[in-house]
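# sequence and predicted structure are below.
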Amino acid sequence: MPSRLHFGDDDFLRCRFALSPVWETQEAVRTLKRPDRHGYHAPWLRRIRDAAAGLDLAPLWLLMPRRGHSPDWLVPPLLGPAESFTEEIAAIRAADPEAARADTAASLACTPGALDSPRGRAWLADPRRMVRELADALEEAWRVLVEPDWPRLRALLEADVAFHSRRLAEVGLGGLLPEIHARCGWQETTLTVQSGGEHERHLGGRGLVLMPSVFTWPDVISSFPPPWQPAVIYPARGVGGLWAEPAERTPEALVRLLGRNRAAVLTALDEPAGTTALAHRLRLAPSSVSAHLTVLRDAGLLTARRYGHQVLYERTPLGMALTSAG
């Protein structure tokens, strides 16, 4: 069953990309209960297993039915292209209790027995307490599951935005939207998303937010009814290599040619990334990574360009050939 999003003239001018640490946190929690999502994330799952066991995720899982509605108030409309978790969780804590109650009731109805469960009844009887409890649970999940790896995740997400921004300039919105996921289709002024639910929405001048996600893979999601911001969340490019450690990926021939750390920097750039993200991923000092990036760029193996507040590096065709040959 498809979702259909109808664009008016003003909507084409209001399409943008965004990142959301709150969304990644919720989808990380969901991934723990979804074996079909475990493939690419097995190294992360092994690493956080003990820490996750100490979390009480039952309240969040209760609102994550395998099929059906999850509360939209737990992912409020994005305030900007890259909000911090602190800003997003503040917006969640400020949710209108009665609106949150109705939204939560719709989600509980998708899980047999949830509406009449002790927790479900308590939430609906005291929605202010519900908002507080769920925000607390989400914040603790962020701290344990996502925050330690956020620099790595953010780098991958920003690389996806950079790539698709270039594609938008090359092929236009109608060409880009079918590229972001196989379940997306475009005809005239309508985006069709095969996302498991049937929805019809005229964007009405609000435009569309396109949001890459690490933990949403392999799904694409688009089911945000008014008053929520229309959005399409899709799997970010490069998820398959996200958790690979440098030593596992750096060819020995390339190490002999460039040296271990410089070869690791070049190999790590499957997607564009900045100095800080690479330093975190490779467990090297930022100053060391910066020096290696400068040498690789001067040798014609990398290019550099500014994206927002940072400089992103990516391999040139020569750099790609070297890593492939290794």
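Ah, there it is. Numbering: from 1, shown residues only.
# following element in sequence after the longest helix belonging to the chain, please.
In the chain, assigned by DSSP state H, the helix with the most residues is helix 150-180. Sequence-wise, the next helix or strand downstream of helix 150-180 (DSSP states H and E) is strand 184-187.
# if we can go back for a sec, distance from the longest helix of the chain to the middle of the chain?
Centroid separation for helix 150-180 versus its chain: 12 Å, with C-alpha atoms, centre = their mean, to the nearest Å.
# one more: stretch 298-317?
Using C-alpha atoms, centre = their mean, the distance from the centre of stretch 298-317 to the centre of the chain it belongs to is 23 Å.
# again with stretch 190-199
Taking the mean of its C-alpha atoms, stretch 190-199 sits 19 Å from the chain's own mean (C-alpha atoms, centre = their mean).
# and that stretch, end to end?
Distance across stretch 190-199, first residue to last, is 12 Å (C-alpha to C-alpha, to the nearest Å).
# how about stretch 191-206?
The first and last residues of stretch 191-206 sit 15 Å apart, counting by C-alpha to C-alpha.
# gap between that stretch and the chain center?
On C-alpha atoms, centre = their mean, the centre of stretch 191-206 falls 20 Å from the chain's centre.
# ok, residues contacting it?
1-8, 10-11, 14, 67, 177, 181, 183-186, 208, 219-223, 225-226, 229-230, 232 (C-beta atoms under 8 Å, 6 or more residues apart in numbering). Bear in mind the C-beta positions are built from the backbone N, C-alpha and C, glycine included.
# same question, stretch 40-56
Here stretch 40-56 makes contact (C-beta under 8 Å, 6+ apart) with 31-32, 38, 137, 140-141, 144-145, 149, 215, 217, 239-240, 242-245.
# please repeat the previous calculation with a cut-off of 10 Å.
With contacts defined as C-beta atoms under 10 Å, 6 or more residues apart in numbering, stretch 40-56 is touched by 28-29, 31-32, 34, 37-38, 136-137, 140-141, 143-146, 148-149, 152-153, 214-215, 217-218, 235, 239-245, 248.
# that stretch: which residues count as buried?
40-41, 44, 48, 52, 55 (16 or more other C-beta atoms under 10 Å).
# hmm, which of those residues is lowest in pLDDT?
Ranked by pLDDT, the buried residues of stretch 40-56 bottom out at residue 40, which scores 84.
# that residue in helix, strand or coil?
Following DSSP: H, G, I helix; E, B strand; the rest coil, residue 40 is assigned to coil.
# and stretch 50-65, C-alpha only, in CSV?
Written as CSV, here are the backbone C-alpha positions of stretch 50-65 (Å, rounded to 0.1, in the frame of the first residue of the first chain):
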residue,chain,number,x,y,z
ASP,A,50,25.8,-5.6,27.9
ALA,A,51,25.0,-1.9,28.1
ALA,A,52,21.7,-2.3,26.4
ALA,A,53,20.8,-5.1,28.9
GLY,A,54,20.9,-2.5,31.6
LEU,A,55,18.3,-0.2,29.9
ASP,A,56,14.5,-0.4,30.5
LEU,A,57,13.4,-0.2,26.9
ALA,A,58,10.0,-1.7,27.4
PRO,A,59,8.1,1.7,27.4
LEU,A,60,9.6,2.6,24.0
TRP,A,61,9.1,-0.9,22.6
LEU,A,62,5.4,-0.8,23.5
LEU,A,63,5.0,2.1,21.1
MET,A,64,6.9,0.4,18.2
PRO,A,65,4.4,-2.1,16.7
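# filter the contacts of stretch 191-206 down to the buried ones, ChimeraX style.
Burial among those is assessed by 16+ other C-beta under 10 Å; the matching ChimeraX selection reads:
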select :2,3,4,5,7,11,177,181,183,184,186,208,219,220,221,222,223,229,230,232
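# mind checking which of the contacts of stretch 191-206 land in strands?
Counted as lying in strands by DSSP state E, out of those, are 2-6, 184-186, 232.
# what is the nearest of the residues you listed to residue 319?
Nearest to residue 319, judged by C-beta to C-beta, of the ones in strands among the contacts of stretch 191-206 is residue 184 at 30.9 Å.
# about what we covered before: now the contacts of stretch 40-56: which count as buried?
Among these, the ones that count as buried by 16+ other C-beta under 10 Å are 28-29, 31-32, 37, 137, 140-141, 144-146, 149, 152-153, 214-215, 217, 235, 239, 242-243.
# can you list which of the residues you listed are found in strands?
Those of these mapping onto strands are residue 235, per DSSP E.
# which members of the buried ones among the contacts of stretch 40-56 occur in helices, if any?
28-29, 31-32, 137, 140-141, 152-153.
# next, the distance between the ends of stretch 298-312.
15 Å.
# need the residues that contact it.
81-82, 155, 158-159, 161-162, 165, 258, 262, 265-266, 269, 271-277, 290, 292-297, 313-323.
# would you mark the buried spots in that stretch?
Applying a neighbour-count criterion of 16+ other C-beta under 10 Å, one finds 301-302, 312 buried in stretch 298-312.
# ok, the residues you listed vs residue 114, which is closest?
Of those, the one sitting nearest to residue 114 (C-beta to C-beta) turns out to be residue 312, at 43.9 Å.
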